[in-house]
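**Q** I would like the atomic coordinates for the input below:
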Amino acid sequence: MKKFEKREAHPMEKYIGRLVYFYGKELEVVGYSRNELTGEPLLIVEALPFGGWSALEPSDVIFKECKGYLYVSINDLID
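**A** Below is the predicted model:
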């Protein structure tokens, strides 16, 4: 029997499943980027209406596989 380690959730995980408003469309948050170089935390959304890209960076954390992704700002979240 394999034992699973408990880990603390990353603060960005609280946005998974929420919606953002992006260029007139509501898109679902499916992940986040842990890239520290940008200085701003980025959300990753399913980009089906726009195409987006399919290749992810090593710093990207995804909770739902999609055909295309886009980065968006936390400021794009719908309250």
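**Q** Start from the N-terminal end of the chain and give the strands.
**A** 19-22, 25-33, 42-46, 60-62, 69-73 (DSSP state E).
**Q** dump the residue contacts of Ser54.
**A** 67-69 (Cβ atoms under 8 Å, 6 or more residues apart in numbering). (Each C-beta comes from the backbone N, C-alpha and C, glycine too.)
**Q** Output those as a markdown table; include the columns neighbour count.
**A** Shown next, in a markdown table, are these (neighbours: other Cβ atoms under 10 Å):
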| residue | neighbour count |
| --- | --- |
| Lys67 | 11 |
| Gly68 | 14 |
| Tyr69 | 25 |
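**Q** out of those, who's nearest Val20?
**A** Tyr69 (12.5 Å; Cβ to Cβ).
**Q** Hmm, Gly52 and the closest one touching each other?
**A** Yes. Contact criterion Cβ atoms under 8 Å: Tyr69 and Gly52 qualify, at 4.9 Å.
**Q** Quick check: neighbours shared by the two?
**A** Shared contacts of Tyr69 and Gly52 (Cβ under 8 Å, 6+ apart): Glu46.
**Q** Deepest-packed of the strands of the chain, please.
**A** Highest mean neighbour count of those: strand 42-46, a mean of 23 (counted as mean count of other Cβ atoms under 10 Å).
**Q** what sits up against that strand?
**A** Residues outside strand 42-46 that contact it (Cβ under 8 Å, 6+ apart): 12, 15, 20, 22, 27-33, 35, 52, 60, 62, 64, 66, 68-74, 76-77.
**Q** now the angle between strand 25-33 and it, please.
**A** Counting by axes from the mean of the first three to the mean of the last three Cα atoms, to 10 degrees, strand 42-46 lies at 130 degrees to strand 25-33.
**Q** Redo the contacts of Ser54 as CSV? Include pLDDT and distance to Leu48.
**A** Shown next, in CSV, are the contacts of Ser54 (pLDDT from 0 to 100; distance: Cβ to Cβ, whole Å):
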residue, pLDDT, distance to Leu48
Lys67, 92, 7
Gly68, 94, 6
Tyr69, 96, 10
